[in-house]
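Chemist: sequence? don't have it. structure:
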């Protein structure tokens, strides 16, 4: 058998045979070889619920030192061993695959079709063989998961029955009764990631709600035997808080809690982390807890251990624990960061009126992808304008959209006095004025403090509407210059590349921030400025990553200039550096280049 190379025509043949329905394909170009140019070909599963990074069909060239040639003659199904959520699917594939088929499972994550490839013409056919074998089984797995999800009905401690979950036990357990003595962090768990921000929010929520309620739910805890499948972040943080409080002589004098103290010490003593990030997080969080010791008195301790509780779910089989975890978190079931904010701000409303109910109805009609994009944009504006990093908007970042609750907070800080007065004045005018004010009439400002509750929902609906205008070239506030820029950005060659999408995010955020502060004043000039600022990064970089974007917006802080601006001209007078022709990326868009050329933004020398 000779060397099976991967030539350009092979990649084209595979695409023509197997990618008609949009199946993702990847191949790696060697570029320097005159004989073959691709080192591997990788195909995605047809089911879009599986990422090509987690499970894929694969053919590669492997260098043989013995034969001094590339020699590989099989196609593989390969799973990511770092994603434990794939494990139930792999187990299912092994159980359902026909035993008469020539398959060899080389590892727990790698299977090859044991049919040799004798020449290049067979390569697409061998890919088709393995795809025809596994794709239907993958589809069946997800159909079964959907049926299981429909049967899940987890209430306040009431177990559910499912044909695929053999012996689920579900209990509501107070903190004082948690079995810390048996908890174990299994090796497949991700590392401990909570930061001081999360710890402070955790403590604040307990102080705010556990002191007012006889029962306050801290979340769910999924266990396989004593292994924590889900809930590690809260349990470890809770243990650190309890351990710190144990050093308070007043709390230690209450001997009825000695058993709990000993259990927590035992859990922390046998839990080890090899990750430097985890150890750093534990050290920083311990210091944060120590700084909050004045808040962690016996009253807090008693509310924590007596009033706070977990939904503890036990499953005897590991794959069932993963399956249950996935069913609670996958494909729309997992709470997005904005879902947590929705729940938080609903709690801040004492009595829901008709306006609140209408706001919530309108919120729920916004598609999830649009909400995700909106919150990411708002989060980046708030963070970048303060000179802080903002790669993603995650559950750990929801504190940025929690502010003051007027009428509930005991004493708003003096710095928020204007926001409080403005809110009260708006209410008075809305009720007593000749013309009732609407939600969108409130003078929101992205850089100002968030007002919790009803006003938060008003704010998000306001910015959702404004954001939809910003990205629409036909918006009636745009002049010719602004429309031309938006039309270009919605249709130039290369606009769908990942890096170009990152750059577009920057442009949209700048435009939204500017309009939020200065309305539509000189919007054409602002659009040109923001276009030059954002897309000079695209033209000068071969590859634009999130790190590239972060570096650009923090080193040239136009967001901070908008935040601090007194007049629009404080922004419009900003000068974007011209680009040298020799510094332009070879993969630059011709359309973008021509616009920069016409604007005299390119130096030729």
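Modeler: Everything's here; your move. The shown structure was predicted, so the numbers you read here are calculated from the model rather than taken from an experiment.

Chemist: OK, contacts around the residue positioned nearest the centre of the chain?
Modeler: Closest to where the C-alpha atoms of the chain average out (C-alpha atoms, centre = their mean) is residue 394, at 4.9 Å. Residues in contact with residue 394 (C-beta atoms under 8 Å, 6 or more residues apart in numbering) are residue 337. Placement of C-beta: from N, CA and C, glycine included.

Chemist: try residue 252
Modeler: 246, 261.

Chemist: ramachandran coordinates for it?
Modeler: Main-chain torsions, residue 252, degrees, to the nearest 10: phi -70, psi -20.

Chemist: how about residue 110?
Modeler: Dihedral angles (degrees, to the nearest 10) for residue 110: phi -140, psi 130.

Chemist: which SSE is the residue nearest to it when sequence neighbours are not counted in?
Modeler: Nearest non-adjacent residue to residue 110, counting by C-beta to C-beta, 6 or more residues apart in numbering: residue 78, 5.1 Å away. Element membership of residue 78 [criterion: DSSP states H and E] is strand 75-79.

Chemist: direction included, what does that strand pair up with?
Modeler: strand 55-60 (antiparallel), strand 110-113 (antiparallel) (DSSP bridges).

Chemist: what's the distance between residue 73 and residue 113?
Modeler: 11 Å (C-beta to C-beta, to the nearest Å).

Chemist: the more surrounded of the two?
Modeler: Remark: of residue 73 and residue 113, residue 113 carries more neighbours, 22 against 18, as counted by other C-beta atoms under 10 Å.

Chemist: distance of that one from residue 123?
Modeler: 12 Å.

Chemist: who touches both of these two?
Modeler: With C-beta under 8 Å, 6+ apart as the test, residue 113 and residue 123 both reach residue 75.

Chemist: sorry, back to before: export the strands paired with strand 75-79 to CSV and append columns for distance to residue 511 and mean pLDDT.
Modeler: Putting the strands paired with strand 75-79 into CSV (distance: least, C-beta to C-beta, whole Å; pLDDT from 0 to 100) gives the following:
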stretch, distance to residue 511, mean pLDDT
strand 55-60, 38, 84
strand 110-113, 48, 84
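
Chemist: re the thing from before, helices or strands up against whichever helix or strand comes after the strand holding residue 78?
Modeler: Counting by DSSP H and E, the next helix or strand C-terminal to strand 75-79 is helix 87-96. Under the contact criterion of 3 or more C-beta pairs under 8 Å, 6 or more residues apart in numbering; DSSP states H and E, helix 87-96 touches strand 75-79, helix 123-151, helix 318-329.

Chemist: okay, buried residues for the second one please.
Modeler: In this case it means helix 123-151. Neighbour-count burial for helix 123-151, counted by 16 or more other C-beta atoms under 10 Å, picks out 123-124, 126-131, 133-135, 137-138, 141-142, 145, 148-149.

Chemist: chain center to the helix or strand hosting residue 243, what's the gap?
Modeler: Per DSSP H and E: residue 243 is located in helix 232-246. Relative to its chain's centre, helix 232-246 lies at 25 Å (C-alpha atoms, centre = their mean, to the nearest Å).

Chemist: which elements pack onto it?
Modeler: So helix 232-246, by 3+ C-beta pairs under 8 Å, 6+ apart, packs with helix 196-205, strand 216-224, helix 258-270, helix 276-291, helix 298-307.

Chemist: just how off-centre is stretch 191-211 within its chain?
Modeler: So, by C-alpha atoms, centre = their mean, the centroid of stretch 191-211 is 20 Å from its chain's centroid.

Chemist: next, the buried residues of it.
Modeler: Buried residues in stretch 191-211 (16+ other C-beta under 10 Å): 192, 194, 196, 198-203, 205-207, 209-210.

Chemist: looking at these, spot the one nearest residue 45.
Modeler: residue 192 (32.2 Å; C-beta to C-beta).

Chemist: now the element after the lowest-mean-pLDDT helix or strand in the chain, going C-ward?
Modeler: The weakest-scoring helix or strand in the chain, judged by mean pLDDT, DSSP states H and E, is helix 318-329 (a mean of 49). Next helix or strand after helix 318-329 toward the C-terminus (DSSP H and E): helix 337-347.

Chemist: look at stretch 535-548 and report the distance between its end residues.
Modeler: One end of stretch 535-548 to the other measures 12 Å (C-alpha to C-alpha, to the nearest Å).
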